[in-house]
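Undergrad: the following comprises the amino acid sequence and a computationally predicted model.
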Amino acid sequence: MSEEIEPRVIKKYPNRRLYDTEKSQYVTLQQIRDLVLEETPFIVIDQKTEEDITRSILLQIIFEQESETNPLFSNDNLERFIRFYNAGTHLGFSDFISQGMNFFQQQQREFSKAMEGMTAHNPMAFWTDMTQKNIDAWRQMMGLGPDKDDSKNN
């Protein structure tokens, strides 16, 4: 039986300062970003209204990162995001983005794990196996299943 971890509470005061109630100190957006990177559960509460403003703070962090020299999103992608808000299909788009990010994260973990042991194995077998895993994961994400292959039906 696993015990659920209570999220760390960060309070945002009217003076725009963020206060970590667990550490009893003010924190910066960079320190909140570090919590995300460390996968530390947290919630940001507006001290005055007691409203959950975590999403707003996460968007501020993304905005700051996108303003740096190596943005993740191109102008074209940002324009597409804006269009999806007006298309009425943003829920499907949100699900697709979530699946894509989960897929990418899974591939990163598998790649890292495989790279650790790659020196002990045949490199060609490693890349063949990794390619097949990517194909299987893509098919699963697209709802095709692992064994469906149109080329076999000829």
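TA: All right, it came through fine.
Undergrad: going by C-alpha atoms from here, please, whenever you check contacts or count neighbours.
TA: Will do.
Undergrad: buried residues in the worst-scoring helix or strand of the chain on mean pLDDT, which are they?
TA: None of the helices or strands of the chain scores lower by mean pLDDT, DSSP states H and E than helix 123-141, at a mean of 76. Neighbour-count burial for helix 123-141 flags 126, 130, 134, 136, 137, 138, 139 (criterion: 16 or more other Cα atoms under 10 Å).
Undergrad: give me the helices and strands touching that helix, please.
TA: helix 90-117 (3 or more Cα pairs under 8 Å, 6 or more residues apart in numbering; DSSP states H and E).
Undergrad: show me which residues of the helix it packs on are buried.
TA: For helix 90-117, burial by neighbour count (16+ other Cα under 10 Å) applies to 107, 114.
Undergrad: same check on stretch 50-65?
TA: Across stretch 50-65, burial judged by 16+ other Cα under 10 Å covers 52, 54, 57, 58, 61.
Undergrad: in TSV: these, plus distance to residue 10.
TA: Formatted as TSV, these follow (distance: Cα to Cα, whole Å):
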residue	distance to residue 10
52	10
54	9
57	10
58	13
61	15
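Undergrad: give me the subset of these that lies in strands.
TA: Within the buried residues of stretch 50-65, no residue falls in strands by DSSP state E.
Undergrad: from the buried residues of helix 123-141, which is closest to residue 42?
TA: Set against residue 42, the nearest of those by Cα to Cα is residue 137 (30.8 Å).
Undergrad: from residue 95, how far off is the most centrally placed residue in the chain?
TA: Closest to where the C-alpha atoms of the chain average out (Cα atoms, centre = their mean) is residue 101, at 5.7 Å. As for residue 101, its distance to residue 95 is 10 Å (criterion: Cα to Cα, to the nearest Å).
Undergrad: I appreciate the help and will end here.
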